[in-house]
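Visitor: pasted the sequence and its predicted model underneath.
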Amino acid sequence: MTQILGIESSCDETAAAVVCDGVHVASNVIASQHDLHAAYGGVVPEVASRAHLERIEAVIRTSARDAEVQLEKIDAIAVGNRPGLIGSLLVGTSAAKALAWSLEKPLIGVDHVQAHLYAAFMAYCGESFDLTGAASTERRARRDTAMADLFPSLGLVVSGGHTSLYALASPTDLTRLGKTRDDAVGEAYDKAAVILGLGYPGGPNVDRAAAQGNATHCHLPRSLLGPDSLDFSFSGLKTALLYRVRGHPQGRGNAASYPRSSKDLSDTDRLDLAASFQEAAVDVVIEKLDRARQAMSIPPRSLLVGGGVSANRLLRHRCKELEDPWEMKVCLPPLPLCVDNAAMIAGMAFEHHLQGRHDELDLCAFASTKVG
């Protein structure tokens with residue numbers, strides 16, 4: 001059995017997890033910082049970094065305890081070392097390097113975006129096979145079966161920082177097909193929450209409000225960029241919502257003012273606008289998925305979806321509806337694996353470990369992804 005300890009600190013979740021043979025989550029501990037950033041309406045990098053420093057040791061120890069494993073028995077240490085807030089990444093990367101050095105264990109740096117897609121693969125393994133109590137050889141055999149079932153795959157990462165499409169020949173062989181040209185969809189959700197006065201965290205609050213609203217209340221634009229484009233753009237949708245709520249600006253630059261504010265909205269209008277915004281955003285994602293599916297040279301056997309916005313109820317529903325007409329498996333992570341978490345880091349690291357790909361103790365943190 002191969003047990004890997006994963007560490008994740010790319011943004012505002014301090015997380016550690018132990019994963020066995022790449023697919024069985026023995027522990028998954030996440031310390032959220034939502035309460036620290038709520039007053040600011042978004043993540044403050046300096047506050048996030050300091051909170052990681054305060055929490056990371058306890059989170060790692062809790063993860064090992066929950067998995068009922070001593071750190072000395074871990075086979076490798078994995079860390080999400082890119083992309084993300086550089087100060088936050090440095091905390092997790094430094095902790096992982098210190099552990100790897102002190103325990104004399106292999107160190108594996110993992111791309112956070114790639115790991116989000118692996119979370120969907122892990123979810124498929126967990127849903128399709130009983131991994132609890134399974135022997136190591138049985139878990140690996142089931143992983144191999146899942147590989148044959150799912151790849152090649154179409155991948156979608158939707159989060160606060162990324163909206164990207166990928167063609168996957170395997171979990172470690174990715175080619176980016178499209179990306180956002182401006183706001184990521186999660187960022188657009190956060191800005192929509194501010195425009196509508198729904199508070200922080202924006203994405204979940206818009207989702208909850210939309211569930212109570214009428215999506216046909218108004219038509220908001222769907223930017224598709226061109227008949228063959230696989231890229232995304234959500235800035236126009238965000239601006240259209242802003243003008244719908246506050247009216248067109250009077251004046252320019254810092255001197256601009258608006259005739260209305262979100263306080264002028266009725267409760268019904270607020271819910272309906274949230275639903276209209278969400279309908280438009282999800283329509284764009286589904287259309288781009290269809291284009292990407294048709295553009296792939298080898299028809300994909302599955303759709304892997306990952307990232308914080310994969311927790312969105314409408315997006316999950318619309319993606320699952322694609323299984324029959326597209327004749328492919330749609331794999332969505334359970335909610336604890338949608339948010340930033342360390343189980344996906346440890347799981348992805350197992351694939352690198354199998355290939356003998358390890359890092360030296362001079363492993364660096366990077367703000368940008370290397371995928372695609």
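Guide: Structure received.
Visitor: send me stretch 7-27 as CSV with only the CA atoms.
Guide: Only the C-alpha atoms of stretch 7-27 are listed here, as CSV (Å, rounded to 0.1, in the frame of the first residue of the first chain):
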residue,chain,number,x,y,z
ILE,A,7,-0.7,19.5,1.7
GLU,A,8,-2.7,22.3,0.1
SER,A,9,-2.5,26.1,0.8
SER,A,10,-2.9,27.8,-2.5
CYS,A,11,-5.5,30.3,-1.4
ASP,A,12,-7.6,30.5,1.8
GLU,A,13,-8.0,26.8,2.8
THR,A,14,-5.3,25.2,4.9
ALA,A,15,-5.6,21.5,4.1
ALA,A,16,-3.9,18.1,4.6
ALA,A,17,-5.0,14.6,3.6
VAL,A,18,-3.8,11.0,3.5
VAL,A,19,-4.7,9.0,0.4
CYS,A,20,-4.0,5.4,-0.2
ASP,A,21,-3.0,4.1,-3.6
GLY,A,22,-4.2,7.2,-5.3
VAL,A,23,-8.0,6.6,-4.8
HIS,A,24,-8.9,5.9,-1.2
VAL,A,25,-9.2,9.0,1.0
ALA,A,26,-8.1,8.0,4.5
SER,A,27,-8.4,11.5,5.8
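Visitor: average pLDDT for the helix of greatest length in the chain?
Guide: Criterion DSSP state H: the longest helix present in the chain is helix 267-295. Averaging pLDDT along helix 267-295 yields 97.
Visitor: by contact count, what packs against it?
Guide: strand 153-158, strand 163-170, strand 173-179, helix 185-196, helix 202-210, helix 235-246, helix 313-320 (3 or more C-beta pairs under 8 Å, 6 or more residues apart in numbering; DSSP states H and E). In short, each C-beta sits where N, CA and C put it, glycine included.
Visitor: same thing but 6 Å
Guide: Helix 267-295 is packed against helix 185-196, helix 202-210, helix 313-320, with contacts defined by 3 or more C-beta pairs under 6 Å, 6 or more residues apart in numbering; DSSP states H and E.
Visitor: mind listing the strands for this protein?
Guide: 3-8, 13-20, 24-32, 76-82, 107-111, 153-158, 163-170, 173-179, 302-306, 329-331 (DSSP state E).
Visitor: grab the nearest non-local neighbour of the residue nearest the centre of the chain.
Guide: Central residue of the chain (C-alpha atoms, centre = their mean): residue 307, 1.6 Å from the mean position. Of all residues not flanking residue 307 in the chain, residue 159 sits nearest, at 3.5 Å (C-beta to C-beta, 6 or more residues apart in numbering).
Visitor: any idea how far residue 215 is from that neighbour?
Guide: Here residue 159 is placed at a distance of 23 Å from residue 215 (C-beta to C-beta, to the nearest Å).
Visitor: so those two - more neighbours on which side?
Guide: Ranked by neighbour count (other C-beta atoms under 10 Å), residue 159 and residue 215 place residue 159 first, with 24 against 20.
Visitor: from memory the more buried one sits against residue 305, does it?
Guide: No. Counting by C-beta atoms under 6 Å, residue 159 does not reach residue 305; the two are 10.9 Å apart.
Visitor: how about residue 271: what's its closest non-neighbour residue?
Guide: Sequence neighbours aside, residue 213 is the residue nearest to residue 271 in space, at 3.5 Å (criterion: C-beta to C-beta, 6+ apart).
Visitor: residues in contact with the one you found?
Guide: By C-beta atoms under 6 Å, 6 or more residues apart in numbering, the contact set of residue 213 is 271, 272, 274, 275.
Visitor: could I get the residues you listed as a markdown table with neighbour count?
Guide: Compiled in a markdown table, the contacts of residue 213 are given as follows (neighbours: other C-beta atoms under 10 Å):
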| residue | neighbour count |
| --- | --- |
| 271 | 21 |
| 272 | 21 |
| 274 | 28 |
| 275 | 23 |
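Visitor: wait, which of those is closest to residue 338?
Guide: Of all the contacts of residue 213, residue 338 sits closest to residue 274, with 19.6 Å by C-beta to C-beta.
Visitor: need the nearest residue in space to the closest one, chain neighbours excluded.
Guide: In space, residue 274 is closest to residue 209, 3.8 Å off (C-beta to C-beta, 6+ apart).
Visitor: again with residue 123
Guide: Leaving out its chain neighbours, the residue that sits closest to residue 123 by C-beta to C-beta, 6+ apart is residue 333, at 4.5 Å.
Visitor: which pLDDT value goes with that neighbour?
Guide: So, for residue 333, pLDDT stands at 95.
Visitor: what about it, how many neighbours?
Guide: Counted with other C-beta under 10 Å, the neighbours of residue 333 add up to 28.
Visitor: also the one 10 residues further on?
Guide: Using other C-beta under 10 Å as the criterion, residue 343 is surrounded by 30 other residues.
Visitor: just the CA coordinates of the lowest-mean-pLDDT helix or strand in the chain, formatted as PDB?
Guide: Sorting the helices and strands of the chain by mean pLDDT, DSSP states H and E puts helix 34-37 at the bottom, at a mean of 85. The C-alpha trace of helix 34-37 is given here as PDB (Å, rounded to 0.1, in the frame of the first residue of the first chain):
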ATOM      1  CA  HIS A  34     -14.100  32.400   5.300                       C
ATOM      2  CA  ASP A  35     -14.700  34.000   8.600                       C
ATOM      3  CA  LEU A  36     -11.400  35.900   8.400                       C
ATOM      4  CA  HIS A  37     -12.100  37.300   4.900                       C
END
